[in-house]
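Undergrad: Quick check, what structure comes out for this input:
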Amino acid sequence: MKINLKGILGAGLAAFVLSLPAQAHEFGFAGILDKTNREELPDLILSSGKPISDGPLVLKSGTMYEIEIVSDGSAELALEGSGFFRAIWVNEVVVNGLEIRPFGLESVEFDDEGTMEIEFLAIKPGRYFLRQPGSTGENQRVEITIQ
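TA: Residues are numbered from 1 along each chain as shown. Okay, the predicted model is just below:
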C-alpha cells in the first residue's frame, strides 16, 4: 500500500518530512540496542551499614545501561524503587550466569553474597531512587535522574 503524503499533509509539509534524515539508522541497524548505545554504570554495593553508591546517577533517556549490584553477604539486603523500575525497560537480569528476561521488577534481594547484573534501557525522564527497604538513611539510597 502506497501512502500519498502530499494528499495527507499538503505539498510543503510533505516535502519537509521527506527531507528529514533517517534517524532510525543513527545507532546502526540494531537501533537503540546497538553496541554503540551502551554504557556501564558504577557498581551498587550492598553491605550492612555502608553507602550503596558514591553519589547520584545521571542517565540519558534512550541509552542502554548495565549495572552490577554486589552484596557482600553481611546481611540479607534488598533494593526497592518501583518508580525507577517503571521508568526503564529491563532487557535482562543476570545471576550466576543465568539470564532472566523479566516483564518488570519491583525490587531485588540478596540472601547471601553475590552479584547481579541488570541491563536496561532508560526511558522516562524524571528523578527516582533505589533504596534499602525500611531504611531512612541517605547512604542507604541512591538518587537516579533520567534526562
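Undergrad: What segments of this protein are strands?
TA: 38-40, 44-46, 57-59, 64-71, 77-80, 88-95, 98-100, 107-110, 114-122, 126-131, 141-146 (DSSP state E).
Undergrad: so where's the chain uncertain?
TA: Within the chain, the set of residues satisfying pLDDT under 70 comprises 1-30.
Undergrad: related to what we said a few turns ago, could I get the strands of the chain in TSV, plus columns for mean neighbour count?
TA: To be clear about C-beta, it is placed using only N, CA and C from the backbone, and glycine gets the same treatment. Shown next, in TSV, are those (neighbours: other Cβ atoms under 10 Å):
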stretch	mean neighbour count
strand 38-40	13
strand 44-46	21
strand 57-59	18
strand 64-71	18
strand 77-80	21
strand 88-95	16
strand 98-100	10
strand 107-110	17
strand 114-122	19
strand 126-131	18
strand 141-146	19
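Undergrad: Provide a list of residues in contact with the residue lying closest to Asp72 once chain neighbours are set aside.
TA: Spatial nearest neighbour of Asp72, excluding adjacent residues (Cβ to Cβ, 6 or more residues apart in numbering): Ser47 at 4.6 Å. Counting by Cβ atoms under 8 Å, 6 or more residues apart in numbering, Ser47 touches Ser71, Asp72, Ser74, Leu77.
Undergrad: List just the nearest of those to Glu119.
TA: Distance to Glu119, by Cβ to Cβ, is smallest for Ser71 among the contacts of Ser47, at 18.5 Å.
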